[in-house]
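Peer 1: Fold the following for me, if possible:
(chains A and B)
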Amino acid sequence: MTRDSIRGSSDRSILILTSLADWPKHGYALIKDIESFAGVKLGAGTLYGALAKLERAGLVEALPAEDRRRPYQITAAGREFLYARLTESARIAEIGLRRIAAAWS
Amino acid sequence: MNRRLLRALLALYPRAWRDRYGAEVAHLTGELIAAGETTPLAGALNLMAGGVTERGRALAESRRFALAMAAAAVLAVAGSLFATTHAQPEPTPASLTGIRCTFQSGFPDLALVPAGTKPGQLSRALVPVRVAEPRRLRRGNVPGESGPGQCVMVPALCRAGPGTPHRANVPVPVKPGQCVIAAPGLCRIAPGAAFVLPWAGAVKPGRPAASLCPAFRPSS
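Peer 2: Predicted coordinates:
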C-alpha cells in the first residue's frame, strides 16, 4: 500500500467540505482551492463523484448555475459532519504526535 | 478533448448521474484542459475511472434492491404458507346469511366478522340491522321476510378494531338463530343499502359507524 493509496474517498469528501466551509465554490475553484491548501489535485471525474456522494448525503447542495458553472455550498448538516470529523482527526493527530514525540525523546 | 470522445466517456456513467452532473463535469474538464491544469489524456482517464466507479455503485445499489425484493418475496411466501396451514376455515358468506334476530334491550348491534380477522383488517362481514322501513330494503340484501322491529343481517365492509381478538368469536359455521359474539369494529354499510341502524340512528350507505359487539338473542 502506498502513501497515496490510503487517501480514500472519505478524505476527498473532507477536502471538499473543508474547501466549501467558508463560502460556495464551483468545480474549478474547488480544485484550485484544494490544491492550494492540501496539495491534492482532483480530476473532474473524481471531484464530481465525491460531490454527487456528498449531495446525496445532504452535506452539500447545488446553487443556481452562473455562466455554465454551478457553485456548491456546504449545508448545516455538512458543517456539523465536518466539525465532528475534524475534531476527531485533531484528537487522533494529537495522540499520534505525542507518541511520536515520546518515542523521539 | 473532442465532443465525441467526451460523450463516449460520459456514457460510462449511469444515466441519472449523467443527466444531473454530465454537463457540469464536461464543462469542468474543458476548463481544466484549456487552463493547462490537465492534459486531454489525463482528463479522459479521470472521467473513465469516475464512470466505472459510478457504474459500480449503481450496480451495487440495484443488487441491494434486488436482494431486498427477493427477501421480501420469500417472507411473503413463508407468511402465506404459515397463514394457510394455521388458519381456521372461514365461514362462507352463505353460512352467515339467513339469520333473523332481535336485539336484547340495551345492546345496540353486532358485527359478524370472519374467523381469523386481524385487527385493522378490512373484511366483508354481515351486520345486523333493525328493520325500520322494510320497503326501502333492496331485494337480495335481506334474507327472507322482515318487518319493522326485526333484525336482519346485511352485507358490509368491516374493519376490525384494535381490540379484536385474532380469532373472532364467531362459530363456524354460524347457524340461523345462533347466538354469537363478535368483537368491536368499524363497519361500512354496503352501497345501496338503506337502513336504520340501532347503534347510530339513521346511517347512510358508505358512512362508517362504530360498532360495539354485544350478544344478541335469536328471535326463534
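
Peer 1: Next, see if the longest helix seen in chain B gets close to chain A.
Peer 2: When chain B is parsed with DSSP state H, its longest helix is helix B:40-86. Yes - residues of helix B:40-86 contacting chain A under C-beta under 8 Å from any C-beta of the partner chain: B:Ala42, B:Gly43, B:Leu45, B:Asn46, B:Leu47, B:Met48, B:Ala49, B:Gly50, B:Gly51, B:Thr53, B:Glu54. Placement of C-beta: from N, CA and C, glycine included.

Peer 1: Just the buried ones from those residues?
Peer 2: B:Gly43, B:Asn46, B:Leu47, B:Gly50, B:Gly51, B:Thr53, B:Glu54 (16 or more other C-beta atoms under 10 Å in any protein chain shown).

Peer 1: got the residues of helix B:40-86 next to chain A as TSV, with pLDDT columns?
Peer 2: Shown next, in TSV, are the residues of helix B:40-86 next to chain A (pLDDT from 0 to 100):
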residue	pLDDT
B:Ala42	90
B:Gly43	89
B:Leu45	91
B:Asn46	90
B:Leu47	90
B:Met48	89
B:Ala49	90
B:Gly50	89
B:Gly51	90
B:Thr53	86
B:Glu54	87
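
Peer 1: Just name the closest of those to B:Ala26, please.
Peer 2: Among the residues of helix B:40-86 next to chain A, B:Leu47 lies closest to B:Ala26 (C-beta to C-beta), at 8.6 Å.

Peer 1: ok, that closest one - contacts?
Peer 2: By C-beta atoms under 8 Å, 6 or more residues apart in numbering or on different chains, the contact set of B:Leu47 is A:Gly43, A:Ala44, A:Gly45, B:Leu6, B:Leu9, B:Leu10, B:Leu12, B:Val25, B:Thr29.

Peer 1: Mind doing that once more with 6 Å?
Peer 2: Contacts for B:Leu47 (C-beta atoms under 6 Å, 6 or more residues apart in numbering or on different chains) come out as A:Gly45, B:Leu9.

Peer 1: Equivalent analysis for B:Leu9, please.
Peer 2: B:Ala44, B:Leu47.

Peer 1: hmm, try it at 8 Å
Peer 2: B:Ala44, B:Leu47, B:Met48, B:Gly51.

Peer 1: Local confidence estimate at it?
Peer 2: Note for B:Leu9: predicted pLDDT of 89.

Peer 1: On the three-state scheme, it is what?
Peer 2: Secondary structure, DSSP: H, G, I helix; E, B strand; the rest coil: B:Leu9 is helix.

Peer 1: That one and B:Ala26: what is the separation?
Peer 2: Distance, B:Leu9 to B:Ala26, by C-beta to C-beta, to the nearest Å: 9 Å.

Peer 1: Using TSV, lay out the buried ones among the residues of helix B:40-86 next to chain A together with distance to B:Asn2.
Peer 2: Shown next, in TSV, are these (distance: C-beta to C-beta, whole Å):
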residue	distance to B:Asn2
B:Gly43	12
B:Asn46	17
B:Leu47	13
B:Gly50	19
B:Gly51	17
B:Thr53	24
B:Glu54	22
